[in-house]
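Enquirer: Here is my input, please return the structure:
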Amino acid sequence: MNTDTATFAAGCFWGVQAEFDKVKGVVQTTVGYTGGKTEKPTYKEVCSDATGHAEAVQVVYDPTVVTYEQLLDRFWSMHDPTTLNRQGPDFGSQYRSAIFFHSPEQEAAAVASRESLDKAHRLPRKTVTQIVPAATFWPAEEYHQKYFQKHGGGSCHI
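Expert: Just a heads-up that it's a prediction; the model follows:
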């Protein structure tokens with residue numbers, strides 16, 4: 001199987017992972033930290049809002065089953081991309097909305113998707129979602145992986 005990788009930040013990574021795990025064609029998801037300056041950050045360090053990392057989900061998917069554009073559509077629908085450094089009760093730069101692209105094609109698709117969303121005026125404000133190159137992705141501690149599967153619960157997203 002040929003796979004691609006996508007990385008998204010949309011607030012609490014537990015809910016983001018749970019949402020992407022529902023998508024047919026998604027082969028694997030991993031929660032972790034990316035976009036910051038500290039090597040091998042811990043959850044406690046990231047929660048301090050001092051490392052610059054976002055809570056993110058790395059999505060490995062089969063592009064013959066689900067397209068990157070379909071993953072982008074799912075990303076936009078699972079959170080509020082108009083709130084800066086905040087999702088629901090969670091606030092801080094670690095909860096920012098961001099797309100970490102892995103190729104020029106992903107960058108172009110993400111930019112086009114964001115522009116289309118803003119032009120459609122479906123949201124009360126313009127999106128504040130960052131679209132930036134993928135950086136080192138540090139997997140989160142094991143107890144964060146598949147959190148809702150392990151502990152029950154629904155989702156922490158809209």
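Enquirer: tell me which strands and helices the helix or strand of the chain with the lowest mean pLDDT is in contact with?
Expert: Ranked by mean pLDDT, DSSP states H and E, the helix or strand of the chain with the weakest confidence is helix 147-151, at a mean of 80. Using 3 or more Cβ pairs under 8 Å, 6 or more residues apart in numbering; DSSP states H and E, the elements in contact with helix 147-151 are helix 13-21. In this view, the C-beta of every residue, glycine as well, is placed from N, C-alpha and C.
Enquirer: any idea of the mean pLDDT in the helix it packs on?
Expert: Averaging the model's pLDDT scores along helix 13-21 yields 94.
Enquirer: how about the helices in this protein?
Expert: 13-21, 43-47, 68-77, 104-120, 147-151 (DSSP state H).
Enquirer: Next, work out how far apart Asp118 and Ala112 are.
Expert: Applying Cβ to Cβ, to the nearest Å, the value for Asp118 to Ala112 is 11 Å.
Enquirer: So for these two, which sits in the more crowded spot?
Expert: Asp118 (16 against 12; other Cβ atoms under 10 Å).
Enquirer: Spatially nearest residue to Ser113 (excluding sequence neighbours)?
Expert: Counting by Cβ to Cβ, 6 or more residues apart in numbering, Leu72 is the residue found nearest to Ser113 once chain neighbours are left out, at 4.4 Å.
Enquirer: likewise Pro63?
Expert: Nearest residue to Pro63, sequence neighbours excluded (Cβ to Cβ, 6+ apart): Asp4, at 5.1 Å.
Enquirer: So the one you found sits against Thr64, correct?
Expert: No. Between Asp4 and Thr64 there is no contact under Cβ atoms under 8 Å: 10.1 Å.
Enquirer: More neighbours: those two, which one.
Expert: Between Asp4 and Thr64, Asp4 has the larger neighbour count (other Cβ under 10 Å), namely 18 against 10.
Enquirer: Quick one: neighbours of Tyr43, just the number.
Expert: By other Cβ under 10 Å, the residues close to Tyr43 number 16.
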